[in-house]
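K.L.:
could you work out the structure for the sequence below:
(one chain, ligands or ions: 2)
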Amino acid sequence: MEWKSFLIKYAEIGVKGANRYVFEDQLMKQMRYALKRCEGEFEVRKEAGRVFVDVTSEDYDYDETVEALSRVFGISEICPMMQYEEKDIENIRKEAVAYVGEVYPDKAFTFKVMCRRGKKDYPLDSMEIAASVGEALLAAYPEMKVDVHNPDVYLYVEVRQKIYMYSVAIPGPGGMPVGTAGKAMLLLSGGIDSPVAGYLVSKRGVALEATYFHAPPYTSDRAKQKVVDLAKLVSRYSGPVRLHVVNFTDVQLAIYEGCPHEELTIIMRRYMMRIAEEIAKKNDCIGLVTGESIGQVASQTMQAMLVTNEVCTLPVYRPVVGFDKQEIVDVSEKIGTYETSIQPFEDCCTIFVAKHPVTRPNPDVIRRHEAAVKDKLDELAKIAVETEELIVCRM
Ligand code: ATP
Ligand code: MG
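P.N.:
Ligands and ions are numbered 1, 2, ... in the order given. This next block holds a predicted model:
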């Protein structure tokens, strides 16, 4: 079938009522953005409270288009659809027979025709149209059977400015359109967890910026490139990600020299949070996002998170906090970040780790040890913020 239109279904609309049009307009904006990267010309329009895509060019790439739409948060289903100008019932019956003939080579299935009328002045009502189309299909294809309760196929016929016909639904990613929920700062490392965390927060409509801490020459340009690649992969869902690359080497070395080694990771993480928060506030981000999951490593026990969390005033979102590692891996495979995440490049956190990091840090003790070098660390952190490098990541 040569599909030239799509009906877009959306499920959840946040903070409903008067905000509905905000949701729909943002959804349409994100769809247009996604389609700009596809071959062909498209029109995204709203009709009677529903969103449609019409292909306006001769040629386009169906698979590429569906793939692009299947990454737009807010979409629950993408239904490829036919449109017919001729609205009389004889023509609808004829087109329905042709439609089924082409879309379903094997006719051994049960079906139900569902009809909706936008124009109430049509001579037949919905029930009559559905019955007539069903009758035409049964006459053309005797192998087909009607099942009104649990059919294999629902064939939808809608009478509007034109006749719309569709029966296939391709799942979208769900969630809410990016841009309906503010902006967050993702602490993005080269690992498996933080890209998944970014994806999950963005799925709720949140736009993303990201901060990456690198420690040259202890971490290489390849490690940094890996994070850029991950940000680009996440941007296929979230839209462009402004990635702030922070040179963390001097802060890390100063912590290494001035603090007990079993507390290195905790104090280092406190500085990561402080720096990320400062960059977040400068860039209108109203939350931080990390890929932490309770108990995954020493720095992610609840006691450790209590100590790292206390340095922030912005809320810290940890969308994978309750996920097992395998569950995080499953999402990363689904969204296409896994293969990049497992590339073996050194991470700044792993270079300075102690053999036996504290797993139940005492906040008072950590604060005291940190205080001994805090002036110096704050000065170095300030320089790190001032010398950040900004990379805009998009596919
Ligand atoms: P990930 O797979 O996301 O790297 P992880 O299991 O390796 O997570 P940690 O290294 O303890 O866990 O890091 C916990 C979280 O801290 C990460 O998910 C990420 O949000 C943030 N983080 C860690 N290292 C960095 C870094 N170099 N730059 C930016 N954020 C980081
Ligand atoms: Mg990591």
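
K.L.:
and the pLDDT at residue 353?
P.N.:
The model reports residue 353 with a pLDDT of 74.

K.L.:
measure the nearest residue to it once chain neighbours are set aside to ligand 1 for me?
P.N.:
Of all residues not flanking residue 353 in the chain, residue 265 sits nearest, at 6.0 Å (Cβ to Cβ, 6 or more residues apart in numbering). No exception for glycine: its C-beta is placed from N, CA and C like everyone else's. To ligand 1, residue 265 is 8 Å away according to Cβ to the nearest ligand atom, to the nearest Å.

K.L.:
residue 87 now?
P.N.:
Distance from residue 87 to ligand 1, by Cβ to the nearest ligand atom: 55 Å.

K.L.:
can you check residue 300 too?
P.N.:
6 Å.

K.L.:
from what I see, that residue and residue 306 are in contact.
P.N.:
No: using Cβ atoms under 8 Å, residue 300 is not in contact with residue 306; the gap is 11.3 Å.

K.L.:
pick out whichever of these two has more residues nearby.
P.N.:
Using other Cβ atoms under 10 Å as the criterion, residue 300 and residue 306 rank with residue 300 on top: 20 against 13.

K.L.:
and the pLDDT for that one?
P.N.:
The model reports residue 300 with a pLDDT of 88.

K.L.:
about what we covered before: can you confirm the residue nearest to residue 353 is in a helix?
P.N.:
Yes: counting by DSSP: H, G, I helix; E, B strand; the rest coil, residue 265 is found in a helix.

K.L.:
wait, isn't it in contact with residue 298?
P.N.:
Yes: taking contacts as Cβ under 8 Å, residue 265 lies within contact range of residue 298: 6.7 Å.

K.L.:
looking at those two, which has the bigger crowd around it?
P.N.:
More crowded of residue 265 and residue 298, by other Cβ under 10 Å: residue 265, with 23 against 19.

K.L.:
so who does the more buried one touch?
P.N.:
Contacts for residue 265 (Cβ atoms under 8 Å, 6 or more residues apart in numbering) come out as 298-299, 349, 352-354, 357.

K.L.:
contact partners of stretch 215-235?
P.N.:
Stretch 215-235 has contacts (Cβ under 8 Å, 6+ apart) with 188-190, 195, 198-199, 202, 208, 210, 212, 214, 241, 243, 245, 247-249, 252, 335-337, 340-341, 343, 345-348, 351, 391, 393-395.

K.L.:
what touches both of residue 265 and residue 298?
P.N.:
residue 357.

K.L.:
and this structure, which residues reach ligand 1?
P.N.:
Contact residues, the chain versus ligand 1 (Cβ under 6 Å from any ligand atom): 187-189, 191-194, 211-213, 272, 290-292, 296-297, 299-300, 347-349.

K.L.:
so where do the helices sit in this protein?
P.N.:
20-36, 62-69, 89-103, 126-140, 193-202, 221-238, 249-258, 264-282, 302-309, 325-335, 338-341, 348-351, 363-371, 374-386 (DSSP state H).

K.L.:
got a list of what the closest residue to residue 166 other than its chain neighbours touches?
P.N.:
Of all residues not flanking residue 166 in the chain, residue 81 sits nearest, at 4.0 Å (Cβ to Cβ, 6+ apart). Counting by Cβ under 8 Å, 6+ apart, residue 81 touches 3, 5-7, 52, 164-166.

K.L.:
ok, residue 206 - how many residues close by?
P.N.:
Per other Cβ under 10 Å, the neighbour tally for residue 206 reads 26.

K.L.:
that one contacts residue 185, correct?
P.N.:
No: assessed by Cβ under 8 Å, residue 206 is found out of contact with residue 185, at 10.4 Å.

K.L.:
shared neighbours, the two?
P.N.:
Counting by Cβ under 8 Å, 6+ apart, the contacts common to residue 206 and residue 185 are residue 287.

K.L.:
spit out the contact partners of the closest residue to ligand 1 within the stretch 201-350 of the chain.
P.N.:
Nearest residue of the stretch 201-350 of the chain to ligand 1, counting by Cβ to the nearest ligand atom: residue 291, 2.6 Å away. For residue 291, the contact set (Cβ under 8 Å, 6+ apart) comprises 187, 189, 191-197, 318, 320, 328.

K.L.:
in this protein, what residue lies closest to ligand 2?
P.N.:
Closest to ligand 2 within the chain is residue 191: 3.4 Å, counting by Cβ to the ion.

K.L.:
before we move on, back to that, the helices of the chain: lowest mean pLDDT?
P.N.:
The weakest mean pLDDT among the helices of the chain belongs to helix 348-351, with a mean of 65.

K.L.:
can you give me the neighbour number for residue 360?
P.N.:
Neighbourhood size, residue 360 [other Cβ under 10 Å]: 11.

K.L.:
any idea how far residue 262 is from it?
P.N.:
11 Å (Cβ to Cβ, to the nearest Å).

K.L.:
ok, now residue 210?
P.N.:
Plainly put, residue 210 is 29 Å away from residue 262 if you go by Cβ to Cβ.

K.L.:
more crowded one of the two?
P.N.:
The residue with more neighbours, out of residue 210 and residue 262, is residue 210; 31 against 16, by other Cβ under 10 Å.

K.L.:
how is this structure carved up into domains?
P.N.:
5-171, 183-393 (automatic domain parsing).

K.L.:
got TSV for these, with distance to residue 177 too?
P.N.:
Formatted as TSV, the domains of the chain follow (distance: least, Cβ to Cβ, whole Å):
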stretch	distance to residue 177
domain 5-171	4
domain 183-393	6
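
K.L.:
out of the ones you listed, which one sits most buried?
P.N.:
When the domains of the chain are scored by mean count of other Cβ atoms under 10 Å, the highest mean neighbour count falls to domain 183-393 (a mean of 19).

K.L.:
thought residue 212 was touching residue 247?
P.N.:
No: counting by Cβ under 8 Å, residue 212 does not reach residue 247; the two are 10.3 Å apart.
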